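1. quick one: sequence and predicted model below, then my questions.
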Amino acid sequence: MKLQKNRLILIVSLLLVTGFLMTSLVSFFVSRASLRSQISEKELPLTGDNIYSEIQRDLLSPIFISSLMSTDTFLRDWVIRGEKDASKITRYLSEIKKKYKTYTSFFVSEITGNYYYADGILKKISPDEERDKWYFRVRDMKPDYEINIDPDMANRDTMTIFINYRVFDYEGEYIGATGVGLAVGAVKRLIETYQQKYNRRIYFTDKEGNIKLYGSDFPVNIKNIAEIPGMQPDVMKKLSSLQEISFKYVNDGKTILLHSRYIPEFGWYLFVEQTEEAAIRQILYTLFINLSVSAVITIIILLFTNMTISAYQDKLEGMASTDPLTGAYNRRAFDIILKQTLKDAIRNKTDISLILFDIDKFKETNDRFGHNAGDAVLGNIIKITGSCLRASDVICRWGGEEFLILLKQCNINEAFNIAEKIRMTVGKTPAFHGGREIYVTISLGVVQSQYMESEENIFSRVDMALYEAKKQGRNRSIPAPSFRE
């Protein structure tokens, strides 16, 4: 028996050494091979989505402002009545500029040709003037607005991003163009913020590939994306048909992974780049760490396998202590934890509380969206709940759509606040399934254990609190009264 045991230990040790070594090496090579796909297909598109969301927040407000100006009844009435008092439109544009903190605001009349801005009349536009061609382009275009970058004559020719919006009278006749402008420098600072936040190079091009906006690390001598060394010459052609693309190119010996997507509000393309080398260095460093850790683990196993092999089966049984769907503890494991926690609470004279909750009208959710959607809801709620709890707190799937939370060193008031945080977060955070958002609410009962109170009594009180929450209309938290009351 002893010989067989030693042989088993030797075989296990050899398997561990071989397994650790092969796993580490295979992991390294597989990680290196899949790195480009991971970054190109997941990380860079996600960064692009995040930046797009921030662009909508930071840069699209001028479009909204210009849209409001184009339909403003004061502006249209003033033009229709003959533009008699220029001070009125000047004051209007000045207020727009101050209120929305834009770099400039303007209106160009189709009737008089006057270019009005916050300080008065700047000039009369002319089709023969090169700098006025933008207006006649706007007048003849089909979309309601355009975004272009031009020097602003009213502000010492500072390069400015203009939102040019077409204005119509009440009969649908074109009467001019209005809008606001942002200084390019301010927008570039936003790009710098994005680059520092995501640690990637970011720039924008128009549909012809002309570089429109970029950060400080972008080569100033490059005016079109085709001029970037190693860039695919047909990248803009591919983008025009796909709207979104990921690929790689080599520049100065470095492999660069790139993702691009179309920004319809601007008519531009957003490019996000990342070099591959930094990520590979991290993988190599991880390989060395894995090998070192594997060696340490192997030595430890060789020293202690003889003492631990008899307890191995018990450890495997312990792995069966979680709910397979949600990852929360099951009732058996939770009962063990609760018993020990109650003993510790009595010995150390500390508070513990329980929260019992279930999903309101969960059967209706299953019937309406299907059981797979119900599973997605359960997983979403566990994720939300975990984010609201402390590291020492324990959550258990009590049964079906019921969950029980153990809060150590937590009184009833603190537990109630945690319950409310979970309830409100669940109510506003949908689960996603089949391309649909699924909103649910939960009802919660909250209880604080009393000194020497039995488990049965605690469960009875928290269950009654949950019942009361359901009875009062659901989607609420109810604290249980003391069992002495």
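-> Sure thing, it's come through.
2. in the helix or strand hosting residue 177, what's buried?
-> Element membership for residue 177, per DSSP states H and E: strand 174-183. By neighbour count with 16 or more other Cβ atoms under 10 Å, strand 174-183 contains the buried residues 175-183. Glycine gets a C-beta too; all of them are placed from N, C-alpha and C.
3. which one of those residues is nearest residue 198?
-> residue 182 (21.7 Å; Cβ to Cβ).
4. partners of the residue lying closest to the closest one once chain neighbours are set aside in the sheet?
-> Nearest non-adjacent residue to residue 182, counting by Cβ to Cβ, 6 or more residues apart in numbering: residue 161, 4.7 Å away. Taking DSSP bridges, one finds residue 149, residue 182 as the beta-bridge partners of residue 161.
5. contacts for the one helix or strand residue 147 maps to?
-> In the assignment (DSSP H and E), residue 147 maps to strand 145-152. Identification of contacts with strand 145-152 by Cβ atoms under 8 Å, 6 or more residues apart in numbering yields 63, 66-67, 70, 103-104, 131, 134, 137-138, 157-166, 179, 181, 184, 212-213, 266-268.
6. ranges for the strands of the stretch 351-485 of the chain?
-> Here the stretch 351-485 of the chain has its strands, by DSSP state E, counting those that start in this stretch, at 352-359, 394-399, 402-408, 431-433, 436-438, 442-448, 477-479.
7. quick one: which of the ones you listed is nearest residue 29?
-> Residue 29 lies closest to strand 431-433 among those, at 34.3 Å (Cβ to Cβ).
8. show residues contacting the closest one.
-> Applying Cβ under 8 Å, 6+ apart, the external contacts of strand 431-433 come out as 369-370, 372-373, 376-377, 379-381, 437-438, 440.
9. 6 Å - rerun?
-> By Cβ atoms under 6 Å, 6 or more residues apart in numbering, the residues outside strand 431-433 that reach it are 373, 376-377, 380, 438.
10. how about the nearest residue to residue 155 once chain neighbours are set aside, what does it touch?
-> Using Cβ to Cβ, 6+ apart and skipping residues adjacent in sequence, the residue nearest residue 155 is residue 104, 6.0 Å away. Contacts for residue 104 (Cβ under 6 Å, 6+ apart) come out as 152, 154, 181.
11. any idea how far the last one lies from residue 216?
-> Spatial separation of residue 181 from residue 216 under the definition Cβ to Cβ, to the nearest Å is 22 Å.
12. ok, back up a step: mean neighbour count added to the strands of the stretch 351-485 of the chain, as TSV?
-> Shown next, in TSV, are the strands of the stretch 351-485 of the chain (neighbours: other Cβ atoms under 10 Å):
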stretch	mean neighbour count
strand 352-359	25
strand 394-399	20
strand 402-408	22
strand 431-433	18
strand 436-438	12
strand 442-448	26
strand 477-479	23
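13. what pairs with residue 444 across the strands?
-> residue 357, residue 477.
14. quick one: contacts for it?
-> When contacts are counted by Cβ under 6 Å, 6+ apart, residue 444 is found next to 355, 357, 419, 423, 477.
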